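Asker: pasting the sequence and the predicted coordinates here, then a few questions.
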Amino acid sequence: MRVDVRNNNVDQALRVLKKKLLLDGLFNELRERESFMSKGEKKRRAKAAGRRRCLKEQRERKAETGF
């Protein structure tokens with residue numbers, strides 16, 4: 001990953017780097033690795049994430065098409 005520093009503005013470059021890392025999912029992965037997660041909990045979280053994705057897709061489709 002690469003972030004350019006323009007006009008010696010390190011604060012802006014740090015903000016851009018944090019945003020890229022957030023979108024990449026690094027922070028979520030680090031949080032998950034901090035503690036042990038059982039097989040059942042992983043399954044429940046994956047199922048909940050899939051449900052959230054599905055509902056979001058339905059909302060977007062409804063807003064786009066009107067039904």
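Answerer: Nice, I can see it.

Asker: report the backbone C-alpha coordinates of the strand or helix carrying Arg31 in CSV.
Answerer: According to DSSP states H and E, Arg31 maps onto helix 26-33. Extracted as CSV, the C-alpha positions of helix 26-33 are listed here (Å, rounded to 0.1, in the frame of the first residue of the first chain):
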residue,chain,number,x,y,z
LEU,A,26,-7.2,-4.6,8.3
PHE,A,27,-8.6,-3.1,11.5
ASN,A,28,-11.5,-5.6,11.6
GLU,A,29,-9.1,-8.5,11.1
LEU,A,30,-6.8,-7.3,13.9
ARG,A,31,-9.8,-7.0,16.2
GLU,A,32,-10.9,-10.6,15.3
ARG,A,33,-7.5,-12.0,16.0
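
Asker: averaged pLDDT, it. What do you get?
Answerer: Mean pLDDT, computed over helix 26-33, is 90.

Asker: now do the SS call for Ala46.
Answerer: With DSSP: H, G, I helix; E, B strand; the rest coil as the basis, Ala46 sits in helix.

Asker: and it, how far is that from Phe27?
Answerer: Relative to Phe27, Ala46 is positioned 18 Å away (CB to CB, to the nearest Å). The way it works is simple: take the backbone N, C-alpha and C, and place the C-beta from them, glycine included.

Asker: go on, Arg51?
Answerer: Taking CB to CB, one finds Arg51 at 22 Å from Phe27.

Asker: show me what the worst-scoring helix or strand of the chain on mean pLDDT is packed up against.
Answerer: Within the chain, judged by mean pLDDT, DSSP states H and E, the helix or strand with the poorest mean is helix 26-33; its value is a mean of 90. Counting contacts by 3 or more CB pairs under 8 Å, 6 or more residues apart in numbering; DSSP states H and E, helix 26-33 is packed against no other helix or strand.
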